[in-house]
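K.L.:
Everything below, folded, please.
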Amino acid sequence: HISKIWKSWETKDQLRFLRHVRPFWESFRHRIPLESMEMISDWVNTGKLKFIRARIQKVHLQDESLKVSINTTKGQQLDYEVDRLINCTGPDTQLKESKNNLYTNLIKKGYIRNSENGIGFKTLSG
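P.N.:
Coordinates of the predicted model:
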């Protein structure tokens, strides 16, 4: 049903949804196996994993780890030294900015173009 609802919206409504709801939608639309959730819960409970709502300000390599400076949604500026940094925002959806050779070549040849809402592409019929 979700696809049918999305397609029924005009581009301006899709853009409004993306502007206001996308971060929440991206978090909730993915399912996780119970075994994985139990492992993640264990990591959180033992302090091995921490979720922080923030914007990354800068990252730089420091010896064998990464130094990450962030601004939290509560206005705090924090620095962390971490072994891993995981981008959970998903793939880049802006084709014109993509460095992917397949997308670049398909755009150059006129086979695809950005969709009006900027999340994906449209194929061009000849």
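
K.L.:
Where does Ile86 sit: helix, strand or coil?
P.N.:
coil (DSSP: H, G, I helix; E, B strand; the rest coil).

K.L.:
From Gln76, how far off is it?
P.N.:
Distance from Ile86 to Gln76, counting by C-beta to C-beta, to the nearest Å: 21 Å. Placement of C-beta: from N, CA and C, glycine included.

K.L.:
So which of those two has more stuff around it?
P.N.:
Using other C-beta atoms under 10 Å, the more surrounded residue of Ile86 and Gln76 is Gln76, with 10 against 7.

K.L.:
For the lowest-mean-pLDDT helix or strand in the chain, which residues meet the burial criterion?
P.N.:
The helix or strand of the chain with the poorest confidence is strand 121-123; it has a mean of 77 (mean pLDDT, DSSP states H and E). Within strand 121-123, the residues scored as buried using 16 or more other C-beta atoms under 10 Å are Phe121.

K.L.:
helices or strands up against it?
P.N.:
If contacts are counted by 3 or more C-beta pairs under 8 Å, 6 or more residues apart in numbering; DSSP states H and E, strand 121-123 sits against strand 112-114.
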